[in-house]
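structure for this input, please:
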Amino acid sequence: MSVKNVLPAIAITFGLALPATAQVNGPVAELDILDGGRTAKGTYLSAVRVTLQDGWKTYWRAPGDAGIPPEFNWNRSDNVGDVSITWPAPDVFDQNGLQSIGYENQLVLPVEITPKNPARPVRLQGTMDLGVCKDVCIPEQLKFDHTLDAQAGRNPTIAAALAQRPFSEREANVALASCHLSPTADGMRIEARVTMPSAGGREVAVIEPGNPALWASQTETTRTGNTLIATSEVINASGGPFALDRSEIRITVLGANHAVDIRGCSAS
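Numbers count the residues shown, from 1 in each chain. Got it, this is the predicted structure:
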């Protein structure tokens with residue numbers, strides 16, 4: 001499918017207004033901040049938990065052809081230096097003939113915060129913008145304002161979300177990841193070849209270009225023995241020319257048994 005043909009489909013599928021016949025009772029999504037206390041290195045372990053009405057889903061950082069990624073605004077927070085998010089392995093959904101990637105009913109995003117001043121408390125205040133879908137798709141903006149508890153103990157909900165993170169290349173026994181790049185009429189074609197054992201069942205590879213101005217189409221994924229082959233087309237949202245840095249390309253393999261996070265790929 002041409003990338004040009006995909007973009008209008010996204011806009012239609014992700015309508016920003018509810019049809020007149022659709023009704024939603026109560027809040028579709030609610031957000032709360034979980035405390036996990038201080039780590040041995042002095043950071044705060046926390047999580048953003050989004051609870052959805054039954055049957056509703058929201059999206060991963062690379063949402064596929066039928067969704068939008070969550071976005072955070074932390075600007076009103078106090079004493080926050082660095083924020084690091086760990087994304088649990090998402091599910092793959094088929095939505096109106098398009099593939100979307102995300103979470104159903106609940107999303108718990110572990111967040112590690114490095115304070116600017118270790119002696120002062122940390123206050124998380126801001127907004128999370130996200131898309132939520134069931135029979136219809138609507139945008140949501142959720143607010144949060146929470147002072148982290150430095151004395152909080154281990155939080156099993158945060159621990160469970162961290163345990164759902166994708167395997168690293170070493171953990172998944174990835175021997176090689178290479179990317180072949182070739183120009184297309186719309187942008188650039190990526191063919192990634194990853195030498196690794198199966199992640200189980202139907203495997204779906206997601207390719208992220210590493211540049212927020214670039215968009216990657218739904219990946220076609222096949223396997224031949226120990227080699228996973230994933231192809232995608234990348235375009236620039238502005239329509240202009242661009243270059244791809246192989247070291248910034250991120251490949252996530254989603255399988256029935258586990259997911260695998262691969263950072264960067266070689267030329268051969």
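
what about stretch 255-268, how long is it end to end?
With CA to CA, to the nearest Å as the measure, the first residue of stretch 255-268 is 25 Å from its last.

how about stretch 100-108?
Span of stretch 100-108 from end to end, CA to CA: 18 Å.

list the buried residues of that stretch.
Of all the residues in stretch 100-108, those buried under the rule 16 or more other CB atoms under 10 Å are 100-104, 107-108. For the C-beta atoms, the positions are set from N, CA and C on the backbone; glycine is no exception.

center of this structure - which residue?
Closest to where the C-alpha atoms of the chain average out (CA atoms, centre = their mean) is Arg61, at 2.2 Å.

which helices and strands sit right next to the helix or strand where it lies?
In the assignment (DSSP states H and E), Arg61 maps to strand 57-64. Judged by 3 or more CB pairs under 8 Å, 6 or more residues apart in numbering; DSSP states H and E, the packing partners of strand 57-64 are strand 91-95, strand 98-104, strand 123-133, strand 204-208.

partners of that strand in the sheet?
Partners of strand 57-64 in the sheet, by DSSP bridges, are strand 98-104 (antiparallel), strand 123-133 (antiparallel).

quick one: contacts of that strand?
Here strand 57-64 makes contact (CB atoms under 8 Å, 6 or more residues apart in numbering) with 29, 50, 52, 67-70, 87, 90, 92-93, 98-105, 107, 130-134, 206, 208, 216, 218, 252.

run the angle between it and strand 204-208 for me.
Counting by axes from the mean of the first three to the mean of the last three CA atoms, to 10 degrees, strand 57-64 lies at 70 degrees to strand 204-208.

tell me the residue in this structure that is farthest from the middle.
Largest centroid distance in the chain under CA atoms, centre = their mean is Ala119 at 32.6 Å.

where does Ala256 sit, in terms of helix or strand?
Going by DSSP H and E, Ala256 is not in any helix or strand.

so what's the residue count around the residue nearest to it when sequence neighbours are not counted?
Distances taken as CB to CB, 6 or more residues apart in numbering put Gly201 closest to Ala256, at 2.9 Å, once the chain neighbours are dropped. Residues lying near Gly201 (other CB atoms under 10 Å) number 10.

likewise for Pro139?
Neighbours around Pro139, by other CB under 10 Å: 13.

equivalent analysis for Glu71, please.
Look at Glu71: counted by other CB under 10 Å, it has 11 neighbours.

done for today, thanks.
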